[in-house]
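**Q** This is a predicted model, with the sequence first.
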Amino acid sequence: MPQIEQSAIEQSSNARILTVNAEILSVGTELLLGQIVDTHAPVMARILAECGIGCTRRSTIGDNWDRLVGALQESLSRADVVVTIGGLGPTQDDLTRDAIAAALGDEMEHVAEYEQELRDLFASRGFRWTESIARQADKPKCARFVDNPHGTAPGLICQKAGKVVVALPGPKGEFDPMAKGPVRTFFEGLGGGVIHSRTLRIIGMGESHVEDLVRDLMEGENPTVAPYAHTGEVHLRVTARAQTREEAEALIEPVHQQIRSVLGDHLFGTDETTLEQSVVDLLKSQGSLVGVAESMTGGGLAARLTAVPGSSEVFRGGVVTYQLAAKVSLLGVGEATLKEHGPVSEAVAREMAEGARRVLGVDYALSITGNAGPTSDVDGKPVGLVFVGCAGPDGVEVQEQRFRGVREDIQRRASQTALSMLRTQLAAAAQKG
Ligand code: ATP
Ligand code: MG
């Protein structure tokens, strides 16, 4: 089993778990120019976490000898493990192999048997041989090759002076199988256990407010708790390091319960549970139907509900009433109301919700009217002003909001508010029994 030398490893507070840190170096000028997107580094970061290896930095470096060797040396000065992605091919700009040797102070050697394999392969396929292809049979002396059944450049696992450098090829068809196969197996053997996270999703509370309430828990080391702001919701990521995933879950669970007791109903789901999913679940458990009346979201709210599998049980349908005439003819909004208050108003949101509840014959109806910008609309209301209505068995509630951001942000926040209001009403109904 491959082992990092003890000197490179620091013992964590949990004595059974070794703390191994890694950095990822993505190599390629086209990444720096923005011509391709680095999709491999996040894949590698997840694999490292699943193997209990903490990824402490990710960098991107061009196909330049001095900068590449420099970056490798810097990473090696900080981390136990350095993973490079790309630059293993046969061409002049593929520098990774030699740069790793230079950074580790190692010599290059040529593996004649592998060159012969390559020559045989090219001959059998009738491909033209050029001398540069033989470079792929070079490796730092301390390295071993990792098989690349989908390409010609093997990967490398180099171990020297307590440090590990793992090099993977760039093409996706070669990177993916190597990263998820032999490289992952190698990382599992480094004895790091697992790093496992659970994401708790929170609605109706800002990031700082959430942080204030869970400050004590954020001081813990295992698990760690960290807040992230998303459009219209806050996520708390609870991350534990343990020998197995089950042990990590067992460390996370009590912290999850503590957070639940502090945040109550604001916590609407974990991991992949979306707000619309949690709303659909509540509607199902109560046997209630919902419908929507939308103006400035143009069907976006309905789209979010229909994105939830099985929502046909609880979502009856919706209307998009963009122009005034549609609000009047389809929802029965009063012409006088429109004239007196304008389409972006509390009164219109209220009549839209009531109208939708009546027309669609549902228990709950949501309405959205607002000005998503970028310019102020006809009735001169400011950009970002949104009224969201929620009509239910106990009457209609309307919230006035002033959102900031571009058009899509404002639309997203409007549908987020609508779902959140419905969720609150459903939670209240559940409590009443
Ligand atoms: P080759 O043998 O094809 O030269 P290589 O190992 O030298 O492979 P690169 O030349 O760096 O790899 O990249 C080859 C291709 O792989 C790129 O054009 C790109 O399509 C893809 N690629 C490289 N790095 C990444 C990355 N980090 N994320 C996504 N795709 C990448
Ligand atoms: Mg290349």
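**A** In hand now; what should we look at? Numbers count the residues shown, from 1 in each chain. Ligands and ions are numbered 1, 2, ... in the order given.

**Q** Residue of the stretch 51-200 of the chain nearest ligand 2, please.
**A** Among all residues of the stretch 51-200 of the chain, residue 89 sits closest to ligand 2, at 3.2 Å; criterion: C-beta to the ion. Bear in mind the C-beta positions are built from the backbone N, C-alpha and C, glycine included.

**Q** Tell me the residues of this protein that contact ligand 2?
**A** 89, 94 (C-beta under 5 Å from the ion).

**Q** quick revisit: tell me which element the residue of the stretch 51-200 of the chain closest to ligand 2 is part of?
**A** Following DSSP states H and E, one finds residue 89 outside all helices and strands.

**Q** what about it, how many neighbours?
**A** 21 (other C-beta atoms under 10 Å).

**Q** do residue 125 as well
**A** For residue 125, the neighbour count with other C-beta under 10 Å is 7.

**Q** What pLDDT does the model give the residue of the stretch 1-150 of the chain at minimum distance from ligand 1?
**A** Relative to ligand 1, the nearest point of the stretch 1-150 of the chain is residue 89 (2.3 Å; C-beta to the nearest ligand atom). For residue 89, the pLDDT comes out at 91.

**Q** Within the helices and strands, which one has the closest residue in space to it that isn't next to it in sequence?
**A** Nearest residue to residue 89, sequence neighbours excluded (C-beta to C-beta, 6 or more residues apart in numbering): residue 153, at 5.5 Å. In the assignment (DSSP H and E), residue 153 maps to no helix and no strand.

**Q** so what's the residue of the stretch 51-200 of the chain closest to ligand 2 up against?
**A** 136, 153, 169, 170 (C-beta atoms under 8 Å, 6 or more residues apart in numbering).

**Q** Out of these, who's the most crowded?
**A** In the contacts of residue 89, the most neighbours by other C-beta under 10 Å go to residue 169, 29 neighbours.

**Q** who touches that residue in this structure?
**A** 86, 88, 89, 148, 151, 153, 155, 175, 178.

**Q** Kindly report the same for residue 282.
**A** Contacts of residue 282 were listed using C-beta under 8 Å, 6+ apart, and they are 423, 426, 427, 430.

**Q** any idea which of those is least confident?
**A** residue 430 (87).

**Q** Could you list the buried residues of stretch 50-60?
**A** 50, 51, 52, 53, 54, 55, 58, 60 (16 or more other C-beta atoms under 10 Å).

**Q** In strands, which of those appear?
**A** Counting by DSSP state E, the buried residues of stretch 50-60 place 53, 54, 55, 58, 60 in strands.

**Q** Per-residue pLDDT of the second one, please?
**A** In the predicted model, residue 54 carries a pLDDT score of 91.

**Q** what bridges to it?
**A** Judged by DSSP bridges, the bridge partners of residue 54 are residue 21.

**Q** Need the phi and psi values for residue 220.
**A** phi -70, psi 150 (degrees, to the nearest 10).

**Q** contacting residues for it?
**A** Shown in contact with residue 220 (C-beta under 8 Å, 6+ apart): residue 255.

**Q** Give me the distance between it and ligand 2.
**A** According to C-beta to the ion, to the nearest Å, residue 220 stands 44 Å off from ligand 2.

**Q** Would you mind measuring from that residue to residue 255?
**A** Taking C-beta to C-beta, to the nearest Å as the measure, residue 220 falls 7 Å from residue 255.

**Q** same thing with residue 98?
**A** Using C-beta to C-beta, we find residue 98 at a distance of 47 Å from residue 255.

**Q** go on, residue 287?
**A** 34 Å.

**Q** Also residue 344?
**A** 43 Å.

**Q** Also residue 125?
**A** 56 Å.

**Q** which sections of the protein are below the confidence cut-off?
**A** Across the chain, the ranges flagged by pLDDT under 70 are 1-18, 191, 377-378.

**Q** Buried ones in the host helix or strand of residue 400, by neighbour count?
**A** Assigned by DSSP H and E, residue 400 belongs to strand 395-402. Using 16+ other C-beta under 10 Å as the test for burial, strand 395-402 gives 396, 397, 398.
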